[in-house]
Structure formats: C-alpha cells, structure tokens
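1. predicted model follows, preceded by the sequence.
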Amino acid sequence: MTGLHILSAGPGVTIQDGGRHGYLRYGVTVAGPMDPLAHALANRALGNAPGATAIEVSLGGISVSAEDGPLAIAVAGGGFHVSLDGQALPAACVIRLEPGASLKLRPGPAGVWCYLAVAGGIDLPPVLGSAATHLRTGMGGLSGRMLQAADRLPVGAAAGGVLAAAEIATGEIVAPLLDRPPAVIRVLLGPQQDYFTDDQIAAFLAGPWRVSERGDRMACFLEGPRLHHRLGFNIPSDGVAMGAIQVPGEGQPIILMADRQSTGGYPKIATVIGVDLGRLAQARPGTVFSFQAVSHAEAVEALAAERAFLEAPIPIAPLVRDRFSPEFLLGLNLVDGWVDAQHPR
Amino acid sequence: MNQPVCAGPVFLDAGESALVVEFGRSVDPAISDRVLALDAALAADPPDGLRELVPTYRSLMIHYDPLRLDRARLVALVEARLTTTPTPCRQSALWTLPCCYDLPHGEDLAEMAGLMGLSAAQAAAIHAGARYRVYMYGFSPGFTYLGGLPETIAISRRARPRPPHDSKAVLVGGGLSAIASFSMPTGWYVVGRTPERLYAPERTNAFLFEPGDGLRFEAIDAETFARLEARAEGGEIVARRTAS
C-alpha cells in the first residue's frame, strides 16, 4: 500500500487534521493545526478537503520518502527550507515524490510550523472522530505520540474527488496570505474585558509584547507590561476558544492555542481573531508585536476573505526553469506534455 | 404573553466564532439549570452553522461559523428560545458510582480528614453520603466537576500541587468534588478512586454523565475495586444509572 516513510523527524512533529470537534463539552481538547490557514492551504493545493489529515512539522524538521509508488505532496506554512534530494524548492510548493527520493523540511528564515500534506490524506484511524494528535492525553495520530524515524503512514485511497498523483499540478503555491509578519495581531476584546480598567486595556493593546521561549502547542506566553485586574483574577471556569488571551494573577498574558484545555478560570481580556491565529502561531520566540482591537464585523470580513481564497482553486506557478536543472525538473515530473523529438510517443 | 424565563443573559464574544451566553457570575444550581436548558433547546434544534455547545457553571459557549450563522441572528435565536416555554431539560439521570476510599486508593483521605477535624472513616462516610450534581466537564477528557460537597469536608485546594495521582481519582478541593480520568499533578486531595472509566473512546458512550445529572458514591472495599476495575477495563459499565 502506498505510504509515507518517515526518514527522520525532530521533536514536536505530529499528525493533525482539522481538529477533534464535538467533544469540548466532555473536556476533550480540539487540537488540530496551530496555523489553520497553512494546513488548509496545503490540503487544498492537492484537492483534499481543507481539514484532511496531514503532518504538522515543527522547528525540529522532517525528512520523508514515498513507498510503493509516487505521492503528490504539498508543503505550506512558515518559511522553511524545503529540498528534494538536496535541491532547494520554494517554501510552499506541490511536488510529485517518486519512491527513492527524499523530501526534507528544516527551519528557514521565518515561521515555526510547516504542513506536509499528501493527496488523498494520511489514513489513520480516528479517535472521537478525528486523527488530530493531542500529546498530553496521548490521543489520535500515531498512538497519540510525535512522529519518529521509521514510522510508516498509510495514504488514503483516492477517495471522493482526490486526484491521482500524476494528475496534480506541481510547482510553487502562490499564496500571498502566507506572508504575514505579526507586527500587529488583531483581537476582539472580551469575553471578560470588564475585569480590567480602560487604562489596563490600553496598556494591553499597546504592549509591546515579546513572545516567550516557554510556548508550545497549548499556549503562547507573552512578556511585557504587567497588567492589573480590577475584579480579581479567579472566575468560575468557563469555555475557552482558540486564541483566548487569559491574564493570570502575575499579569502576563497567556494565549491559549490548539492544545488548550476546554475550560479555564482566569479572566480573558480578549481573543485573537480567527485569521490571525496562524500569524501568531508562526511568530518565533523573541518576536515583538502589539495588539489591535477590531470589531466583530471586521473579524468576520477578514475570515470571509480567507475562506474565499481557500475555496477557489489554489494558484500553482510552474517552477522557474533557470533555477532548476532539466534533470531535476524531469525528476519532479514537471514537464509532462513535452515530447522527445528523437522518440516521439 | 410569554414571560422571560430569567433576567436577560449577557452576550459576550469569545472571538468572531464563539458566543458566550452568561447567566450569572457564581456557581449556583439555579444558574446551571438555565445554562443547561438553553444547551438542550439549541441541541434539540440546532441552527445551520452551529458547531459546538459547551455548558459550564454559569454560561454556555456557542461555537459557530459566522459566515453561515450571523451573530445578530444567533443572539435573536437564543433570546427567542429563552422567552418561549422552557424546553424541558433532558431527563437527568442519577448515577451510583463505586468508589474505594481505602488505602492505597484514598491516599490523601486521612490528611484531608485531619485538616477538617475528622477521622478518615468519618470523612469517607460524609463524602459517600452526599448527593452531587454534575456541573460540567473541563480540564481533561472526562474530568467531571461535581457540586454538592457537604460543608464539613469542603476543604480549599492545596497551596502547592501534589505529585501526579492515578487515573480515576476521586478528588475534593476548592469546595467541590471532582473525578479525574487522567493521571496528573493536582492541587486537590485524592480521597478515593473509582473503578469506572469516565473516558472510554472505544465505548459507544465514551462519556457516561451529562451536565445536570445527579451522582452519588457507593463505598466499596479494595477487593471489590479490583474486581470491578477488571470488568470496567473489559468494556463493561460498572456505574449504575437510574432515572432521577
């Protein structure tokens, strides 16, 4: 059966789909991608559903090969160094991976997370309806753990609407939406902004905030001005959305991300808007930024634009020929349709 | 004329894709009833674009797709459900959950009892004699928050968390009781352990309780615990359910 062979994987590389939905009421974490846009984009570039099961690559990097047949693969996310048998490729691309070739992703100039999707999706049994890995509870993915060398991942049969590897357009994914340095992260104030005075909300927005080294898939810790509560810092635990910015007693905000707990007992001063979750997740430790409060309507408008981009065909540009040797491009199968004059087909 | 069932709740945004309907600020069975009534009403007839409902002590978080379900329409819909005759809550169940208070399971029972001026046997009898309400889940899959802990053993949480306890620990702390499905460090006191699995993903009912259910503990000895635990690990449900 065609599959993906993991040659090496650094710490923090996991299987993620669109997340485990429907069980938050029982305390089950959604998990899912840290950068939902990049995850969906890699899948959509292959004709997969946006929430298909793919690999989330951390700064630990990964290298993979195809087994028992070629695979169509898309990579999208942070500005990682992507290479095929040592030859550099664009940071966001679709390629055909032939058996024997190795595809390598390692940290590049920017970003924290990169997604490696396979046409047909990775085929792992769902737990509570999802293959998303949640490491703290050992749920989903491959035995609920990080990927490691010698793992083998079965790839889904060409199910409904998925194109065969040979028919997928290869080249660079043209996605200006992925270029989004996080100088300003947009938020909706609340749900507990009334636990803070106006001057504390102004201090929260202005920052400047520095992304701490402490972060992981559960939370992004911020360092900056100390915030003070007007009404104390213990509330009866209530629901927590991804991007919720809670302010514990010590006054340094914590942004709850994909692996967050389902409920929380600290006041949440604001929530990062949906389209800026991935931008925030891609900010490396040490990144400095401020917040900007927007209205609900503005957040929905931004979401609509992102959704429209993902629903339209994803633009794929052929790789520029002067950057790659003919042998390399032939190996990528980018030149289908060319006819050899000596041996016409 | 339909009368409002309660004073209007507060609508709070948790980002553009989640709406918090807050009925109060305290932990109170009457507030919880309102949360669960709205939860049941929306679950019975979910509008297009509604993704997920998360009831907690005093509010309901509604996850929705704002491109399919307009916020103003969602608020109007919630208000309409609150002003019409209240949907009867799902028939709440009453659960009897076996719990072993003896060592090695109730490892903090004697410590907690001592701090409350009781013997371990007295504290266990008080804990097993009370009737609890499942308020909510949170923290980790199947972690159940229970209201109804008698005042005499309503100890506050530890100043510093203790090392990880076993899964299926029965806890007290912060004036509440709780049942933990996963092993973890905790600021609560471990007073006993249940052989039941509160999180069993391969079982048709991965989770047994619904918020609003009643629950009481049945004290069992360590031998019975071992027997029931083996049955529970084999996929059997060892908690007993009766209508309330």
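-> Yes, it's here.
2. how much space separates the residue of chain B found nearest chain A from B:A154?
-> Checking chain B residue by residue against chain A with CB to the nearest CB singles out B:M61 as nearest, at 2.9 Å. All C-beta spots, glycine's among them, are computed from the backbone N, C-alpha and C. To B:A154, B:M61 is 27 Å away according to CB to CB, to the nearest Å.
3. of these two, who's got more company?
-> Using other CB atoms under 10 Å in any protein chain shown as the criterion, B:M61 and B:A154 rank with B:M61 on top: 27 against 14.
4. could you pull out the strands in chain B for me?
-> B:10-13, B:18-22, B:50-55, B:59-64, B:93-99, B:132-137, B:144-147, B:169-173, B:176-180, B:189-193, B:214-219, B:240-243 (DSSP state E).
5. switch the ones you listed over to TSV; also include mean pLDDT.
-> Output for these, formatted as TSV (pLDDT from 0 to 100):
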stretch	mean pLDDT
strand B:10-13	98
strand B:18-22	98
strand B:50-55	97
strand B:59-64	98
strand B:93-99	96
strand B:132-137	95
strand B:144-147	94
strand B:169-173	95
strand B:176-180	94
strand B:189-193	97
strand B:214-219	97
strand B:240-243	87
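6. right, so those strands: which one is the most enclosed?
-> For the strands of chain B, average neighbour numbers computed from mean count of other CB atoms under 10 Å in any protein chain shown are highest in strand B:189-193, which has a mean of 27.
7. and that one, what does it pack onto?
-> Where contact means 3 or more CB pairs under 8 Å, 6 or more residues apart in numbering or on different chains; DSSP states H and E, strand B:189-193 is packed against helix B:109-115, helix B:120-129, strand B:169-173.
8. could you give the angle of it to strand B:176-180?
-> Put simply, strand B:189-193 runs at 60 degrees to strand B:176-180, going by axes from the mean of the first three to the mean of the last three CA atoms, to 10 degrees.
9. between strand B:93-99 and strand B:189-193, find me the angle.
-> Going by the same axes, to 10 degrees, strand B:189-193 makes 100 degrees with strand B:93-99.
10. so what touches strand B:189-193?
-> B:99-101, B:105-109, B:111-112, B:123-124, B:127, B:155, B:158, B:162, B:165-166, B:168-173, B:217, B:225 (CB atoms under 8 Å, 6 or more residues apart in numbering or on different chains).
11. what's the separation between A:P236 and B:I153?
-> A:P236 is 21 Å from B:I153, by CB to CB.
12. more neighbours, the two?
-> B:I153 (23 against 19).
13. output the lengthiest helix in chain B as CSV, nothing but the C-alphas.
-> If you go by DSSP state H, chain B has its longest helix at helix B:29-44. C-alpha atoms of helix B:29-44 as CSV (Å, rounded to 0.1, in the frame of the first residue of the first chain):
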residue,chain,number,x,y,z
PRO,B,29,-27.6,25.2,40.7
ALA,B,30,-30.3,27.7,39.5
ILE,B,31,-27.9,29.4,37.1
SER,B,32,-26.7,26.0,35.9
ASP,B,33,-30.3,25.0,35.2
ARG,B,34,-30.6,28.0,32.9
VAL,B,35,-27.4,27.1,31.1
LEU,B,36,-28.5,23.5,30.6
ALA,B,37,-32.0,24.5,29.5
LEU,B,38,-30.5,26.7,26.7
ASP,B,39,-28.0,23.9,25.9
ALA,B,40,-30.8,21.4,25.5
ALA,B,41,-33.0,23.8,23.5
LEU,B,42,-30.2,24.6,21.0
ALA,B,43,-29.1,20.9,20.7
ALA,B,44,-32.7,19.8,20.0
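14. pairing partners for residue 95 in the sheet, please.
-> Just going to use chain A. A:I73 (DSSP bridges).
15. sorry, I should have been clearer: chain B.
-> Beta-bridge partners, per DSSP bridges, of B:W95: B:L215, B:R241.
16. ditto for A:A54
-> Beta-bridge partners, per DSSP bridges, of A:A54: A:Q16.
17. contacting residues for the residue of the stretch 1-150 of chain A found nearest chain B?
-> For the stretch 1-150 of chain A and chain B, the shortest gap (CB to the nearest CB) falls at A:G27, measuring 3.8 Å. A:G27 makes contact with A:Q261, A:S262, A:T263, B:Y137, B:G138, B:F139, B:S140, B:P141, B:G142, B:F143, B:S181, according to CB under 8 Å, 6+ apart.
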